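J.: Fold the stuff below for me.
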Amino acid sequence: MNNNQTIEKLRKMRINAMADLHLQQMKNNQLTDVTPDEYLALLTDHEWEDRQNKKIQRLLKQAGFRQTASIGDVNYQADRKLDKNMFQRLCSLDFIKRNENLIFTGPSGVGKSYLAQAIGHHACMMEYRVYYAITSRLFKRFKLSKVDGTYMKELNKLSKVDLLILDDFGLQSLDKHDRETLMDVIDDRYSHKSTIVSSQIPVSVWYDIIGEGTIADAILDRLVNSSHRIDLNGPSLRRDILKTE
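T.: The predicted structure follows:
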């Protein structure tokens, strides 16, 4: 048996992690300590883990998060009014399996974006497709897509994402184009995929921000009625970080 040819064939089949481990085992003369079945399992597990890690890294990159956030680093201090039990249940990601939505509201700096991205990051680790966007920038991108004829293509991309995160929603009133885009996005995802919305603005004011009563009713009916809602409070965590620096 020509091991060099075997390694070359593995590389041509793009089974690179298995090839690397096999080469390492040969160089270290470690092939005599295991049975053929054990060795095959070792190579297979190594290749599997390598591909899973690469897939997760690809999902994280495609998600486009603004910051690295972890559910293990979430602050549960009392004045935030973040129910630890409820949040950890959400981190099980059952709401994604049920195609439900999640809404974070609260004043600037209390960590809404961090919590949304922490769940998004965890979802990527569980191999869900996630896309993060600052809402106003997403609307601008869709306006440009209408000009260059790629609107439906962009809309189709979002409809396939398992978890869409709309950050900083409602900082300014929506115009006609924004309303239509939001309606299209939410309607495509309704009862099929999950959406997280983060906003400084209370949900009770969203109707006026969206405008155009009939469309606002349709959007809120699809987005809010099937959502888990977390209203945060307390001092700005960003200010606390700056004080300690």
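J.: Centre of the chain to stretch 157-166, how far?
T.: For stretch 157-166, the distance from its own C-alpha centre to the chain's C-alpha centre is 8 Å (Cα atoms, centre = their mean, to the nearest Å).
J.: ok, and what's touching it?
T.: 96, 116-117, 119-120, 123, 128-133, 135, 138, 185, 188-189, 192-198 (Cβ atoms under 8 Å, 6 or more residues apart in numbering). Placement of C-beta: from N, CA and C, glycine included.
J.: Could you pick out the buried ones from these?
T.: Among the contacts of stretch 157-166, those buried by neighbour count (16 or more other Cβ atoms under 10 Å) are 96, 116-117, 119-120, 123, 128, 130-133, 135, 138, 185, 188-189, 193-198.
J.: Just the residues you listed: which are in helices?
T.: 96, 116-117, 119-120, 123, 135, 138, 185, 188-189 (DSSP state H).
J.: Grab the two from these that are most spread out in space.
T.: Q117 and D188 (22.6 Å; Cβ to Cβ).
J.: What mean pLDDT does the longest helix along the chain get?
T.: Taking DSSP H as the criterion, the chain has its longest helix at helix 36-63. For helix 36-63, the mean pLDDT works out to 87.
J.: cool, stretch 212-223 as well?
T.: 92.
J.: ok, of the ones in helices among the buried ones among the contacts of stretch 157-166, which one's closest to N4?
T.: A123 (42.2 Å).
J.: surely that closest one meets D94?
T.: No: A123 is beyond contact range of D94, at 11.7 Å (criterion: Cβ atoms under 8 Å).
J.: What residue spans form the domains of this protein?
T.: 3-62, 64-244 (automatic domain parsing).
J.: which stretches of this structure form helices?
T.: 3-12, 16-27, 36-63, 84-90, 94-97, 112-125, 135-148, 151-159, 176-189, 206-210, 213-223, 237-244.
J.: Please name every helix or strand in contact with the third one.
T.: Here helix 36-63 touches helix 16-27, helix 112-125, strand 130-134, going by 3 or more Cβ pairs under 8 Å, 6 or more residues apart in numbering; DSSP states H and E.
J.: Distance from the chain centre to it, please.
T.: 21 Å.
J.: Helix 16-27 and that helix, what's the angle between them?
T.: 140 degrees (axes from the mean of the first three to the mean of the last three Cα atoms, to 10 degrees).
J.: when you give positions from now on, start the count at 414
T.: All set: I'll call the first residue 414, so the last point we hit is now helix 449-476.
J.: so of the helices of the chain, which one's packed in deepest?
T.: Mean neighbour count (mean count of other Cβ atoms under 10 Å) peaks for helix 525-538 among the helices of the chain, with a mean of 22.
J.: So what touches that one?
T.: By Cβ under 8 Å, 6+ apart, helix 525-538 touches 469, 472-473, 476, 478-484, 486-487, 495, 500, 503-504, 506, 509, 515, 517-519, 543, 545, 575-576, 578, 580-581, 609, 611-613, 643, 645, 650.
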